[in-house]
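Student: the following block contains a protein sequence and its predicted model.
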Amino acid sequence: VYHSSMGLDGVELVIEVEDHFKVTLPDSECSEVRTVADLAALVVSRLPSASPGCPTARRFFQIRDLTAEATGVHHRSVRPRTNLG
């Protein structure tokens, strides 16, 4: 389904991200996701472009918090290059 290194936690994270942002992330695109920054960029690419400011940074911080919550790590440990595996 998704990149095998993501495991079940990764699949659950993607589902939570989809629900939170009200987007659909195709399996083919999720298979390319390796880092938190990759996931944030994918989410931004699927959102309507109507809000001011930097959508990538805003989405990264939201995804960082979701990732930290899903994995139990401190949110400051999650950086753009953090591997989701």
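Tutor: That came in fine, so what should we check first? Numbering: from 1, shown residues only.
Student: what separates the spatially closest residue to residue 24 that is not a sequence neighbour from residue 35, distance-wise?
Tutor: Leaving out its chain neighbours, the residue that sits closest to residue 24 by Cβ to Cβ, 6 or more residues apart in numbering is residue 18, at 6.2 Å. Where C-beta positions appear, they are placed from N, C-alpha and C, glycine not excepted. To residue 35, residue 18 is 18 Å away according to Cβ to Cβ, to the nearest Å.
Student: which other helices and strands contact the longest helix anywhere in the chain?
Tutor: Longest helix in the chain, counting residues (DSSP state H): helix 55-71. Judged by 3 or more Cβ pairs under 8 Å, 6 or more residues apart in numbering; DSSP states H and E, helix 55-71 is in contact with helix 7-21, helix 36-46.
Student: same question for the first one, mean pLDDT?
Tutor: Think helix 7-21. Averaged across helix 7-21, the pLDDT comes to 84.
Student: next SSE after it?
Tutor: Downstream of helix 7-21, the first helix or strand assigned by DSSP states H and E is helix 27-30.
Student: distance from the chain centre to that following helix, please.
Tutor: Helix 27-30 sits 12 Å away from the centroid of its parent chain (Cα atoms, centre = their mean, to the nearest Å).
Student: buried stuff in it?
Tutor: Going by neighbour count (16 or more other Cβ atoms under 10 Å), the buried part of helix 27-30 is residue 30.
Student: got the contact list for the residue positioned nearest the centre of the chain?
Tutor: Geometric centre of the chain, nearest residue: residue 39, 3.6 Å, by Cα atoms, centre = their mean. For residue 39, the contact set (Cβ atoms under 8 Å, 6 or more residues apart in numbering) comprises 13-14, 17, 33, 63, 84.
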